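K.L.:
here is my input; please provide its structure:
(chains A, B, C and D)
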4 protein chains.
Amino acid sequence: MTVGLSKARVVIRKTLEKGNELGLKPLSVVVLDAGGHVIAFERQDGASPGRFAIAHGKAYGAVMLGMGGTAQMARAEAQAYFMGAVNGLFGGQVVPVPGGVLLRSAKGAVIGAVGVTGDTSDNDLIAAMAGIEAAKLNGEG
Amino acid sequence: MTVGLSKARVVIRKTLEKGNELGLKPLSVVVLDAGGHVIAFERQDGASPGRFAIAHGKAYGAVMLGMGGTAQMARAEAQAYFMGAVNGLFGGQVVPVPGGVLLRSAKGAVIGAVGVTGDTSDNDLIAAMAGIEAAKLNGEG
Amino acid sequence: MTVGLSKARVVIRKTLEKGNELGLKPLSVVVLDAGGHVIAFERQDGASPGRFAIAHGKAYGAVMLGMGGTAQMARAEAQAYFMGAVNGLFGGQVVPVPGGVLLRSAKGAVIGAVGVTGDTSDNDLIAAMAGIEAAKLNGEG
Amino acid sequence: MTVGLSKARVVIRKTLEKGNELGLKPLSVVVLDAGGHVIAFERQDGASPGRFAIAHGKAYGAVMLGMGGTAQMARAEAQAYFMGAVNGLFGGQVVPVPGGVLLRSAKGAVIGAVGVTGDTSDNDLIAAMAGIEAAKLNGEG
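P.N.:
A predicted model of the protein is given here:
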């Protein structure tokens, strides 16, 4: 199973719909492939201009470390210097908070990641999971 | 006139449709706002993973310099060291070839840019212009 | 509503006047547009040479995150590693303390930001707000 | 003789006036001190958002190398790899074309630089020299 453009579109549209339904602030959503490369991205009107970088950082860290945002945050809180070192390795592109979600195949292989930003990290994650489920993918938040 | 997410979606879909219609290689399309920040991006299945950076570089250079890709290429050919210096200023993010298209309001103000990559630069530009026209925007390639 | 050069000049002059009136140390003031790009900057005689970067960092973080400096500081105090990660994303250009002020239109859209540095962060903010009010703009500090 | 904020303001205003008088495209003007640090900057409405970096790069190269933009361009045309290496040293911040002007005291000491961008390099230089003369400073273009 891989994530292609048509699945990525479903993830993005359904994540944004969930955000609208819950009355969240404008969201931005990125979908990366198994190599951490961008497949698709959308930023809702009214979101701040830096949101691509933040959405990307949540998803990119998930792929590169093989850990969802929740696990990354736990590690950052336990060992801030470790996540600082990780950011040195990856050019400062890792944002270790919820809203970064690993996508796994039925057999557990990482096939990509989703990154959502705009509201609280917890709400970002709720919207992301709604999009991922709508696309019939397995997410690890 | 500004470019929001709904216009950006039209540009991307119609650019990709034009590529399919002409039998081009898989394309990647980004739409930036007037500040050079990403609104939306899509990469067709089969495109190489580095295409986000190339599409972005074509559009980003257009916004930051206020010049379409064709004019940037002419400057690069006349003064290679100048475009090299420009790339130093902007973190190596400028790709001065056709396929980067400025979006202008009816009054001529820059309101964003489109970047397309995947086939030849000339074909990238043809596809981009089809997407821009479908969205009823004015493009300067 | 947008911030052009004439409004930016008013913000800068009135911020500096307020600093002089309150007997603050020499101030530096930058005004950015909605994309985080510099419109105007002035550094008073006697200020240290690195003040452009600090003023810029306060205003740039405000635009990119859509948060004033006070809210950024609260986030940095609650989750230092998050603001560290944000700085990785934005090339180390974010200074999350008071003195960075978002400019909003009457409808609430972000139209730019002001960054002031030179005295205490709290005094920098007082001077910034005086400049912003003199220009009939709405500031979120 | 040093360049302070009041002289920098005169340089900027008179450079912009000269540009308006000659019908040039919107200009951006920066004034740096003897250490290459920003004193003041203004960008006219309608200029592209990347103009701070370009104006800065013209002036910064002048200060750091002790050469005006015209001399830098000659060196770049004779030895492109040398200016490439210089840009490596200075973080990609040098733009070696006319419009970067050294400011010298009566005794010949470098006291700062002016950088102008927006029209052709030659016109940028004409406008810069008008601003420098109006401020009773000596410019080496």
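K.L.:
can you spell out which helices and strands pack onto the helix or strand of chain A with the lowest mean pLDDT?
P.N.:
Lowest on mean pLDDT, DSSP states H and E among the helices and strands of chain A sits helix A:80-89, with a mean of 93. If contacts are counted by 3 or more CB pairs under 8 Å, 6 or more residues apart in numbering or on different chains; DSSP states H and E, helix A:80-89 sits against helix A:69-78, helix C:80-89. Bear in mind the C-beta positions are built from the backbone N, C-alpha and C, glycine included.
K.L.:
mean confidence for the longest strand seen in chain A?
P.N.:
If you go by DSSP state E, chain A has its longest strand at strand A:110-117. Across strand A:110-117, the average pLDDT comes to 97.
K.L.:
report the angle between that strand and helix A:69-78.
P.N.:
70 degrees (axes from the mean of the first three to the mean of the last three CA atoms, to 10 degrees).
K.L.:
got the CA positions of strand A:110-117 in CSV?
P.N.:
C-alpha atoms of strand A:110-117 as CSV (Å, rounded to 0.1, in the frame of the first residue of the first chain):
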residue,chain,number,x,y,z
VAL,A,110,5.6,3.4,7.2
ILE,A,111,4.1,4.7,4.0
GLY,A,112,4.1,8.4,4.7
ALA,A,113,2.9,11.0,7.2
VAL,A,114,0.3,13.8,7.6
GLY,A,115,1.0,17.1,9.4
VAL,A,116,-1.7,19.4,10.5
THR,A,117,-1.4,22.9,12.2
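K.L.:
and A:A106, what pLDDT?
P.N.:
Reported pLDDT for A:A106: 88.
K.L.:
which SS state does the nearest residue to A:G61 once chain neighbours are set aside fall under?
P.N.:
Once flanking residues are discounted, A:G61 sits nearest to A:V94: 3.6 Å by CB to CB, 6 or more residues apart in numbering or on different chains. Of the three states, A:V94 takes coil according to DSSP: H, G, I helix; E, B strand; the rest coil.
K.L.:
how about A:L103?
P.N.:
Per three-state DSSP, A:L103 ends up strand.
K.L.:
what bridges to it?
P.N.:
Beta-bridge partners recorded for A:L103 (DSSP bridges): A:G112, A:G139.
K.L.:
can you give me the neighbour number for it?
P.N.:
29 (other CB atoms under 10 Å in any protein chain shown).
K.L.:
now do stretch A:29-36: distance to the chain's middle.
P.N.:
Here stretch A:29-36 is found 8 Å from its chain centre; the criterion is CA atoms, centre = their mean, to the nearest Å.
K.L.:
tell me if it is near chain C.
P.N.:
No. Stretch A:29-36 lies out of reach of chain C by CB under 8 Å from any CB of the partner chain, never closer than 12.7 Å.
K.L.:
for that stretch, which outside residues touch it?
P.N.:
Outside stretch A:29-36, the residues within contact range by CB atoms under 8 Å, 6 or more residues apart in numbering or on different chains are A:2-3, A:7-8, A:11-12, A:15-16, A:38-42, A:52, A:55-56, A:59-60, A:63-64, A:109-116, A:127-128, A:131, B:49.
K.L.:
how far is stretch A:17-35 from where the chain is centred?
P.N.:
9 Å.
K.L.:
kindly apply the preceding question to stretch A:54-69 instead.
P.N.:
Relative to its chain's centre, stretch A:54-69 lies at 6 Å (CA atoms, centre = their mean).
K.L.:
now the closest residue to chain D within chain A: which helix or strand?
P.N.:
When distances are taken as CB to the nearest CB, chain A reaches nearest to chain D at A:P49, 11.1 Å away. Assigned by DSSP states H and E, A:P49 belongs to neither a helix nor a strand.
K.L.:
how many other residues sit next to the closest residue to it other than its chain neighbours?
P.N.:
Leaving aside its chain neighbours, A:P49 sits nearest to B:H37 (3.8 Å; criterion: CB to CB, 6+ apart). Neighbour count for B:H37, taken as other CB under 10 Å: 23.
K.L.:
again, but for the one 4 residues further on
P.N.:
Counted with other CB under 10 Å, residues neighbouring B:F41 total 27.
K.L.:
can I assume it is in contact with B:A55?
P.N.:
Yes. Under the criterion of CB atoms under 8 Å, B:F41 makes contact with B:A55 at 6.9 Å.
K.L.:
joint contacts of these two?
P.N.:
Common neighbours of B:F41 and B:A55 (CB under 8 Å, 6+ apart) are B:S28, B:V29, B:V30.
K.L.:
quick one: strands adjacent to the helix or strand containing the second one?
P.N.:
Under the assignment given by DSSP H and E, the secondary-structure element containing B:V29 is strand B:28-33. Partner strands and pairing direction for strand B:28-33 (DSSP bridges) are strand B:38-43 (antiparallel), strand B:110-117 (antiparallel).
K.L.:
send the alpha carbons of that strand over as CSV?
P.N.:
Provided in CSV are the C-alpha atoms of strand B:28-33 (Å, rounded to 0.1, in the frame of the first residue of the first chain):
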residue,chain,number,x,y,z
SER,B,28,4.0,19.2,-9.8
VAL,B,29,2.3,22.5,-9.2
VAL,B,30,2.6,25.0,-6.4
VAL,B,31,0.7,28.2,-5.8
LEU,B,32,2.2,31.0,-3.6
ASP,B,33,0.6,34.1,-2.1
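K.L.:
what pLDDT, on average, does it get?
P.N.:
Mean predicted lDDT for strand B:28-33 stands at 98.
K.L.:
now do the contacts for A:A128.
P.N.:
A:T15, A:V29, A:G99, A:V101, A:V114, A:G115, A:V116, A:G139, A:G141.
K.L.:
ok so, going back, what subset of the contacts of stretch A:29-36 is buried?
P.N.:
The neighbour count (16 or more other CB atoms under 10 Å in any protein chain shown) marks A:3, A:7-8, A:11-12, A:15-16, A:38-42, A:52, A:55-56, A:59-60, A:63-64, A:110-116, A:127-128, A:131 as buried among those.
K.L.:
how far out from the middle of the chain is stretch A:65-72?
P.N.:
Using CA atoms, centre = their mean, the offset of stretch A:65-72 from its chain centre is 10 Å.
K.L.:
which residues are in contact with it?
P.N.:
Against stretch A:65-72 from outside (CB under 8 Å, 6+ apart): A:58, A:61-62, A:75, A:83, A:86, A:94-102, A:110, A:121, A:125, A:139-141.
K.L.:
only the buried residues of stretch A:23-31, if you could.
P.N.:
A:L24, A:K25, A:P26, A:L27, A:S28, A:V29, A:V30, A:V31.
K.L.:
any stretches of chain A with poor pLDDT?
P.N.:
Counting by pLDDT under 70, chain A contains no low-confidence segment.
K.L.:
what residue is smack in the middle of it?
P.N.:
A:G115 (1.8 Å; CA atoms, centre = their mean).
K.L.:
next up, the contacts around the residue lying closest to it once chain neighbours are set aside.
P.N.:
Using CB to CB, 6+ apart and skipping the chain neighbours, the partner closest in space to A:G115 is A:A59 (3.1 Å). By CB under 8 Å, 6+ apart, A:A59 lies in contact with A:V30, A:V31, A:L32, A:G36, A:G100, A:V101, A:A113, A:V114, A:G115.
K.L.:
residue in chain A nearest to chain C?
P.N.:
For chain A, CB to the nearest CB, closest residue to chain C: A:G92, 2.4 Å.
K.L.:
so that residue makes contact with C:G88?
P.N.:
Yes. With contacts counted by CB under 8 Å, A:G92 reaches C:G88, the gap being 2.4 Å.
K.L.:
how much space separates A:R104 from chain B?
P.N.:
The gap separating A:R104 from chain B is 20 Å, by CB to the nearest CB, to the nearest Å.
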